[in-house]
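> show me the folded form of this:
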Amino acid sequence: MKRICLILFCVPVLLSSVISPGHTSGQKLPERDGKAVVAMVNNQPITLEEFSRSLAEITHGTMEEGEKAAIIDYKGILDRLIDERLFLQEARNIGIDRLPEVTGSIEENLKKTLAKMLVREELKDIKVDKEEVERRFQEVTREYKITAAVFEKEEDAKEMEEEIASGAAFDDVMKKVIAGGNILESVDGEYLKEKELWPEVSGALTTMKAGVVSPVIKFDEGYVIVRLEDIRYPDDPEMRERIMSALARDKRQTALYEYIKSLIKKYVTIDEELLEGVNYDTSVEEFNKLMEDRRVLARVRRGEPVTVKELSAAFQDTFFHGVEDRIKRKELNKSKKEVLDGILEKRVLVLEAKKQGIDKTDKYRDSVEKYNRTIVFEQFLNRVITPDIKLNEDELMAYYRKHADAFTSPEMMRIDSLVFDTKENAEAAIHTLSTGTEFKWLKENAAGQVAGDAKGVLNFGGSVLSVKVLPEGVQKVLSGVSTGDFRIFTSPDGYSYVLYVKQVYPPSLQPYQAVKNEIIKEMYNSRVRKAMKEWSDKLKEHYPVEIYLTEF
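Numbers count the residues shown, from 1 in each chain. Modelled structure (predicted):
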């Protein structure tokens, strides 16, 4: 077939795939290598499995609970898969996949994917100790209920301590010292978190039981005597989840560190004498010589050895601003082992992954292929498509004028409300307000009001709201109102609302400069979509496309 070089575009992530057999209405599909095929593009199959994965990716997580299922454009999904295959074939035909930056990125991704899958498999059974989670949770959320007297002078605190020790009731002594005015501050049965307490006080409380009175506690600003009334642990599911995640992360990091150590021991022999003798803290000139030093620092079984040259290059990559300052401060030698371990870590993870056959799995191959497509598309986009898409100021301004409605903020109102059990009570309230009575006073005193937490009650709460989001009946009642107006709205539930329009914010057109970037993005994407359609049509004239899935 005659090959043509055409300018194409494909978004970095085109849809991947899934439709259940039931969606094909019993349609018989041809097979290739034992897999049902929904379309063929230049003799390359698009399988039902691919189509199903794309569908799953599109629909996953897009519906809220209780929502009706959205109409799915099955044909549109299949068309995008066909376009993806067309664009990918043409991109490869013109050599995008053979560019050095593409092949280098693909090779690096192969290693990263192998390492990632190996680590995920190795750490999959890591579990967090529930007792440890609970212990940490209590440490973070613990609240102490205390009664306390804070003194400036130690003798005043000692006097209170002695009275209590002699048998006087703590509460009586507290009243006495407060009345005497010899204290800086008092706390009367308040719950306080540990971080709200002075460290010396929180330290003492950890050893006390409820009802116990502390001795005099010295801290930076004075002296305090505390009685512990109670300890509680408020329920905080979000905090418990954060603690669990942090513990799991720490446990995985520790396990991974030990695992990598074991792999380095298994695969690597390090020339410790040579490593010790390589001196990076002399001068830039000497460092540059080491950048060409091919002596082997570490031999890797069934893998490439690590040379002094490679370690030196890793230093260059590690320090963004270069190594000159660190050489002057003599900071490189102490990092030699750490940087070498970083190189070896990547190498041994890949070796072990291959030993375990991860590179032979469908999951690995699918992940690699998906990345390869993406990187080819991105390079094609950067080199061929984006340089030709230009937008000038006149076009942007014309779009702004034409789509002014899209950049106009909706009408907003700040609304407060009274809710009554009957319309008569609501009308009476309106009459009272018309005489000059303050809305706030009426809200606190009017009879017949419904509790704000009653079932079905709308809560306006003095907030600024878009009129468009309000119930249709409320919108009708508020039509044409001005700041300071009152209106009555009776809901389907039978409640009658007195709506107080505290402020009206009319629609306003956003300034051009404020929305310019949004316009650029929309116009640019529109040009890209148009280019996709044009080149898809052209490519179909040269690459045969056969569609087998026609019933959805």
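
> just the strands in the stretch 1-150 of the chain please.
Counting by DSSP state E, counting those that start in this stretch, the stretch 1-150 of the chain has these strands, from start to end: 31-32, 35-41, 44-47, 143-151.

> what's the longest helix in the protein?
For the chain, the helix that runs over the most residues, judged by DSSP state H, is helix 237-267.

> which helices and strands does that one pack with?
helix 100-123, helix 130-141, helix 336-355 (3 or more Cβ pairs under 8 Å, 6 or more residues apart in numbering; DSSP states H and E). In short, each C-beta sits where N, CA and C put it, glycine included.

> any idea which of those helices is most buried?
With neighbours taken as mean count of other Cβ atoms under 10 Å, the helices and strands packed on helix 237-267 reach their highest mean count in helix 336-355, at a mean of 18.

> Gly456 is nearest to which of the helices and strands packed on helix 237-267?
Among the helices and strands packed on helix 237-267, helix 130-141 comes nearest to Gly456, with 35.0 Å by Cβ to Cβ.

> who does the closest one touch, helix- and strand-wise?
helix 237-267.

> quick one, the helix it packs on and helix 130-141 angle?
Angle, helix 237-267 to helix 130-141, by axes from the mean of the first three to the mean of the last three Cα atoms, to 10 degrees: 130 degrees.

> quick check: next helix or strand after helix 237-267?
Going down the chain from helix 237-267, the next helix or strand is strand 268-270, by DSSP states H and E.

> for the strands of the stretch 1-150 of the chain, which one sits closest to Ile72?
That would be strand 35-41 among these, by Cβ to Cβ, at 14.9 Å.

> and that closest one, what does it pack onto?
Strand 35-41 packs on strand 44-47, helix 48-59, helix 74-93, strand 545-547, going by 3+ Cβ pairs under 8 Å, 6+ apart.

> low-confidence regions, the chain specifically.
1-26, 59-70, 320-321 (pLDDT under 70).

> give me the next element, helix or strand, following the host helix or strand of Ala426.
Using DSSP H and E, Ala426 sits in helix 423-434. Next helix or strand after helix 423-434 toward the C-terminus (DSSP H and E): helix 439-445.

> coming back round to it: export the strands of the stretch 1-150 of the chain to TSV and tack on mean neighbour count and distance to Lys328?
TSV is the format used below for these (neighbours: other Cβ atoms under 10 Å; distance: least, Cβ to Cβ, whole Å):
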stretch	mean neighbour count	distance to Lys328
strand 31-32	13	64
strand 35-41	20	59
strand 44-47	20	58
strand 143-151	20	52
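
> now the ones you listed as a markdown table including distance to Met117?
A markdown table is the format used below for these (distance: least, Cβ to Cβ, whole Å):
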| stretch | distance to Met117 |
| --- | --- |
| strand 31-32 | 27 |
| strand 35-41 | 23 |
| strand 44-47 | 23 |
| strand 143-151 | 45 |
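
> just to revisit the earlier point, can you put the helices and strands packed on helix 237-267 in CSV and add distance to Lys402?
Listed next are the helices and strands packed on helix 237-267 as CSV, based on distance: least, Cβ to Cβ, whole Å:
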stretch, distance to Lys402
helix 100-123, 40
helix 130-141, 55
helix 336-355, 53
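
> closest one to Met397 among these?
Here helix 100-123 is closest among these (Cβ to Cβ), at 37.4 Å.

> elements contacting the closest one?
Using 3+ Cβ pairs under 8 Å, 6+ apart: helix 100-123 touches helix 237-267, helix 336-355, helix 362-380.

> okay, those in TSV with distance to Phe219 next?
TSV is the format used below for the helices and strands packed on helix 100-123 (distance: least, Cβ to Cβ, whole Å):
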stretch	distance to Phe219
helix 237-267	28
helix 336-355	42
helix 362-380	58
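
> the domain parsing of the chain - what is it?
Domain ranges of the chain: 143-232, 411-506, per automatic domain parsing.

> quick one: end-to-end length of the first one, please.
Here the two ends of domain 143-232 are set 5 Å apart, with distance taken as Cα to Cα, to the nearest Å.

> that one: how far from the chain's middle?
The chain centroid and the centroid of domain 143-232 are separated by 44 Å under Cα atoms, centre = their mean, to the nearest Å.

> now Ala313: closest residue in space that isn't a chain neighbour?
Excluding its sequence neighbours, the residue lying closest to Ala313 (Cβ to Cβ, 6 or more residues apart in numbering) is Met291, at 6.6 Å.

> what about the one you found, how many neighbours?
16 (other Cβ atoms under 10 Å).

> tell me which of the helices and strands packed on helix 237-267 sits nearest to Thr408.
helix 100-123 (44.2 Å).

> what's that closest one in contact with?
Here helix 100-123 makes contact (Cβ atoms under 8 Å, 6 or more residues apart in numbering) with 96-97, 252, 255-256, 259, 346, 349-350, 352-354, 356, 358-359, 361, 363-364, 367-368, 371-372, 375-376, 379.

> ok, now stretch 382-401?
Contacts of stretch 382-401 (Cβ under 8 Å, 6+ apart): 7-9, 96, 407, 512, 515-516, 519-520, 522-524, 527-528, 531.

> got the end-to-end distance for that stretch?
First residue to last in stretch 382-401 (Cα to Cα) measures 31 Å.

> which of the residues in it are buried?
Val384, Ile385, Tyr399, Tyr400 (16 or more other Cβ atoms under 10 Å).

> pick the one among the residues you listed closest to Leu433.
The closest of the buried residues of stretch 382-401, once distances to Leu433 are taken by Cβ to Cβ, is Tyr400, at 43.5 Å.

> and the closest one, which of the three is it?
helix (DSSP: H, G, I helix; E, B strand; the rest coil).

> now swap in the one 5 residues further on and tell me
Here Asp405 is helix, with the state taken from three-state DSSP.

> isn't Asp188 right next to Ile146, touching?
No: Asp188 is not in contact with Ile146 according to Cβ atoms under 8 Å; the separation is 9.2 Å.

> before we move on, the earlier item: Glu546: which of the contacts of stretch 382-401 is nearest?
Out of the contacts of stretch 382-401, the member with the shortest distance to Glu546 (by Cβ to Cβ) is Leu8, at 20.3 Å.

> in space, what's closest to Glu310 - neighbours in sequence excluded?
Ile343 (6.5 Å).

> so how far is Thr318 from that neighbour?
10 Å (Cβ to Cβ, to the nearest Å).

> and the residue nearest to Ala313, how far is that from Glu285?
Relative to Glu285, and taking Cβ to Cβ, Met291 is found at 11 Å.
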